[in-house]
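Enquirer: From the sequence below, what's the structure:
(one chain, ligands or ions: 3)
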Amino acid sequence: MASLAFSAKLGRCISPSNAMVSDQYESKREGLSFGKGIFARKRDPRDSVVTKVATQAPTVIPSLEKELAGDRNHVAWTSVQQERWEGELAVEGEIPLWLNGTYLRNGPGLWHIGSYNFRHLFDGYATLVRLHFENGRLIAGHRQIESEAYKAAKNNNKLCYREFSEVPKFDNFLAYIGELANLFSGASLTDNANTGVVKLGDGRVVCLTETQKGSIIVDPNTLDTLGKFEYSDSLGGLIHSAHPIVTDTEFLTLLPDLLKPGYLVVRMEPGSNERKVIGRVDCRGGPAPGWVHSFPVTEHYVIVPEMPLRYCAQNLLKAEPTPLYKFEWHPDSKGFMHVMCKASGNIVASVEVPLYVTFHFINAYEEKDEDGRVTAIIADCCEHHADTTILERLRLQNLRAFMGEDVLPDARVGRFIIPLDGSPYGKLEAALDPEEHGKGMDMCSFNPAYLGKKYRYAYACGAQRPCNFPNTLTKIDLFEKKAKNWYEEGAVPSEPFFVARPGATEEDDGVLISMISEKNGDGYALLLDGSTFEEIARAKFPYGLPYGLHGCWVPKK
Ligand SMILES: CC(=O)/C=C/C=C(C)/C=C/C1=C(C)CCCC1(C)C
Ligand SMILES: CC(/C=C/C=O)=C\C=C\C=O
Ligand SMILES: [Fe+2]
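Expert: Ligands and ions are numbered 1, 2, ... in the order given. Modelled structure (predicted):
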């Protein structure tokens, strides 16, 4: 596997490298530090809330000072104002009475330590947001996840662990050697669980990121950090897919192997912390496995993508970010899709496909002939035209620099067609004309009852151009090849998350939940009707929240 599996505690804390401090595009910040920060809020966060549930005196987190024009101060890209808050929101419109439960959304919401500003969207410390729906009412809250990385930064007022693009500074040569050892043992990698949140079949709620140690159990009611989710097996490795497939009966994920390029496909039962190997895929190209931020499944198969954007061990060693961070683009190594039988672990297809770049697979299903035989696998993803520029666009300075120019790279619903008849090649095409969704496409969801099955509707963020980031919500009809779009000027919506109406028989009978960060600093929770895609309710937060990534639904017991 990628490396030795033990993880020692970091015994020391080091400051960000000089080159990072001198990074030209990041602004200087007021010299306030975590915990002791007393930062004047722009306004009383209780405005517009019906009641406020006092939890504890919040630690106020300094936010970016107003400096430059453009979207420098868009709340989507501004650190969350305080560590935690909870209160009931006034609702405009009507929340369906059947919507009872809690929506949780995770994401990187705090991008600085003291006066040091992080560079990339994915570097931020995890902010967990909660929308609790009960009989038409909405109680909201947010709270920082108490990862070791976050606590160490707070206590030491400096970066202590390797984040997506940030590396702590080593003070001298000895410290550098120690830091390399820590890298190989995994001790210096972040546990900042800032990417997703899942509810396991046994009810435990786990926040996740790309590092295995960044699996953190939280209480969905209080947002308390309960502790590490420790994998009890001896599979080792340091990284995994940030998006496991989680159902009431299983947890499936991929463990990339950087030493002998390939992937382990593993499964964990509800109630267990032990992953068991289903099978292994050896890479067909390149010096390292392709980045597997996510992967899809069908009813009987796990689809293992081998993207030409590959992990890069050398880049891991570098203190300075490289253009593609911990990854490298290897077009010569080609792109592949592998299909593994869930029951046997056998690989039933391994095809070369056109080059592709994706973070997020949407869904996949088995295509059958008239006799019911599976002839092909269809796998859909948010595909960036084999262009890695999007990673660069997600640098905070770029996100904050929007001045009206259209700089969001085009994306589409990429549909892989993977034949199961032994042919060596698969196809990749656009599932619909990308103009339907403004050629922006990411942060997708669908009705989870259709996981692995032929499905008709996908929901995602699209684009109304000009823009520098996906700024619409879009409902894609994959049968009619049409999209319906929601847009509000200056709004940055987060992933539309589909919750089905209990007892629904239509695929789109339910609601979409999204959180909107506004240009003027405000923000609100938004509910769209799954079928008409029209707004049914919104509820303003006391202050806008930063952009967030992925969510999950915890139904009322
Ligand atoms: C927020 C998001 O989508 C992705 C976050 C990715 C992270 C935190 C990646 C971290 C990594 C390291 C710190 C070193 C090893 C490689 C890699 C998994 C990219
Ligand atoms: C926010 C994002 C891509 C937007 C592109 O248009 C990707 C997030 C990836 C991590 O979850
Ligand atoms: Fe993701």
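Enquirer: Looking at the chain, what residue ends up closest to ligand 2?
Expert: Residue nearest to ligand 2 within the chain (CB to the nearest ligand atom): residue 442, separated by 3.7 Å. Where you see a C-beta, it was placed from the backbone N, CA and C, and this is true even at glycine.
Enquirer: Now do the contacts for that residue.
Expert: Neighbour list for residue 442: 359, 360, 382, 411, 460, 461, 470 [criterion: CB atoms under 8 Å, 6 or more residues apart in numbering].
Enquirer: hey, what's the fifth one bridged with?
Expert: Spelled out, that is residue 460. Residue 460 has these beta-bridge partners by DSSP bridges: residue 474.
Enquirer: hmm, back to that, close to ligand 2 as well: tell me which of the contacts of residue 442 qualify.
Expert: Restricting these to those near ligand 2 by CB under 6 Å from any ligand atom leaves 359, 411, 470.
Enquirer: Tell me which helix or strand the residue nearest to the residue of the chain closest to ligand 2 when sequence neighbours are not counted sits in.
Expert: What sits nearest to residue 442 in space, not counting adjacent residues and going by CB to CB, 6 or more residues apart in numbering, is residue 382, at 4.5 Å. Element membership for residue 382, per DSSP states H and E: strand 374-383.
Enquirer: just checking, what packs against that strand?
Expert: When contacts are defined as 3 or more CB pairs under 8 Å, 6 or more residues apart in numbering; DSSP states H and E, strand 374-383 packs onto strand 301-306, strand 335-341, strand 358-368, strand 412-419, strand 442-445.
Enquirer: and the helix or strand just after that strand with ligand 1, contact?
Expert: Moving toward the C-terminus from strand 374-383, the next helix or strand (DSSP H and E) is helix 389-393. No. Judged by CB under 6 Å from any ligand atom, helix 389-393 and ligand 1 are separated, with a smallest distance of 10.3 Å.
Enquirer: buried ones in helix 389-393?
Expert: In terms of neighbour count (16 or more other CB atoms under 10 Å), helix 389-393 has its buried residues at 390, 391.
Enquirer: and the helix or strand that it is followed by, does that touch ligand 2?
Expert: Per DSSP H and E, the first helix or strand lying C-terminal to helix 389-393 is helix 396-399. No. Using CB under 6 Å from any ligand atom, helix 396-399 stays clear of ligand 2, coming no nearer than 9.6 Å.
Enquirer: Show me what helix 396-399 is packed up against.
Expert: By 3+ CB pairs under 8 Å, 6+ apart, helix 396-399 packs against no helix or strand.
Enquirer: With just CA atoms, put that helix into PDB.
Expert: Provided in PDB are the C-alpha atoms of helix 396-399 (Å, rounded to 0.1, in the frame of the first residue of the first chain):
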ATOM      1  CA  LEU A 396      -8.900  31.500  -3.500                       C
ATOM      2  CA  GLN A 397      -7.300  34.400  -5.200                       C
ATOM      3  CA  ASN A 398      -9.000  33.400  -8.400                       C
ATOM      4  CA  LEU A 399     -12.300  32.800  -6.800                       C
END
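Enquirer: need the residues of the stretch 251-400 of the chain near ligand 2, please.
Expert: Residues of the stretch 251-400 of the chain lying near ligand 2 (CB under 6 Å from any ligand atom): 359, 390.
Enquirer: Would you mind naming what in the stretch 251-400 of the chain lies close to ligand 1?
Expert: Listed as neighbours of ligand 1 in the stretch 251-400 of the chain under the rule CB under 6 Å from any ligand atom: 316, 326.
Enquirer: Confidence-wise, which helix or strand of this protein is lowest on average?
Expert: helix 18-21 (a mean of 25; mean pLDDT, DSSP states H and E).
Enquirer: Pull out the buried residues from stretch 427-440.
Expert: For stretch 427-440, by 16+ other CB under 10 Å, it's 428, 430, 431, 432, 434, 436, 437, 438, 439, 440.
Enquirer: Next: stretch 176-193.
Expert: Quick answer for stretch 176-193 (16+ other CB under 10 Å): 178-179, 182-183, 185-193.
Enquirer: Let's have the residues you listed in CSV, adding pLDDT and secondary structure.
Expert: What follows is the buried residues of stretch 176-193, written out as CSV (pLDDT from 0 to 100; DSSP: H, G, I helix; E, B strand; the rest coil):
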residue, pLDDT, secondary structure
178, 82, helix
179, 80, helix
182, 87, helix
183, 85, helix
185, 88, helix
186, 91, coil
187, 93, coil
188, 93, coil
189, 96, strand
190, 98, coil
191, 98, coil
192, 98, coil
193, 99, coil
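Enquirer: Now tabulate the residues you listed in a markdown table and tack on distance to ligand 2.
Expert: Output for the buried residues of stretch 176-193, formatted as a markdown table (distance: CB to the nearest ligand atom, whole Å):
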| residue | distance to ligand 2 |
| --- | --- |
| 178 | 31 |
| 179 | 26 |
| 182 | 25 |
| 183 | 23 |
| 185 | 26 |
| 186 | 21 |
| 187 | 25 |
| 188 | 22 |
| 189 | 17 |
| 190 | 15 |
| 191 | 17 |
| 192 | 13 |
| 193 | 12 |
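Enquirer: Kindly indicate which of those lies nearest residue 396.
Expert: residue 192 (15.6 Å; CB to CB).
Enquirer: Just to check, the closest one is in contact with residue 207?
Expert: No. Counting by CB atoms under 8 Å, residue 192 stays clear of residue 207, with 9.5 Å between them.
Enquirer: Quickly list what's touching both of those two.
Expert: Shared contacts of residue 192 and residue 207, counting by CB under 8 Å, 6+ apart, come down to 126, 145, 214.
Enquirer: any chance of those residues in CSV, plus neighbour count?
Expert: Formatted as CSV, these follow (neighbours: other CB atoms under 10 Å):
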residue, neighbour count
126, 32
145, 26
214, 27
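Enquirer: Is it possible to get CSV of those that adds secondary structure and distance to residue 85?
Expert: Shown next, in CSV, are the shared contacts of residue 192 and residue 207 (DSSP: H, G, I helix; E, B strand; the rest coil; distance: CB to CB, whole Å):
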residue, secondary structure, distance to residue 85
126, strand, 16
145, coil, 15
214, coil, 24
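Enquirer: about what we covered before: now list the buried members of the ones next to ligand 2 among the contacts of residue 442.
Expert: Neighbour-count burial (16+ other CB under 10 Å) applied to these gives 359, 411, 470.
Enquirer: In TSV: these, plus pLDDT and distance to residue 279.
Expert: Formatted as TSV, those follow (pLDDT from 0 to 100; distance: CB to CB, whole Å):
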residue	pLDDT	distance to residue 279
359	98	24
411	99	31
470	98	35
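Enquirer: Closest one to residue 552 out of those residues, please.
Expert: Among those, residue 359 lies closest to residue 552 (CB to CB), at 17.5 Å.
Enquirer: dump the residue contacts of the closest one.
Expert: 293, 294, 382, 442 are the contacts of residue 359 under CB under 8 Å, 6+ apart.
Enquirer: ok, those vs ligand 1, which is closest?
Expert: residue 293 (6.5 Å).
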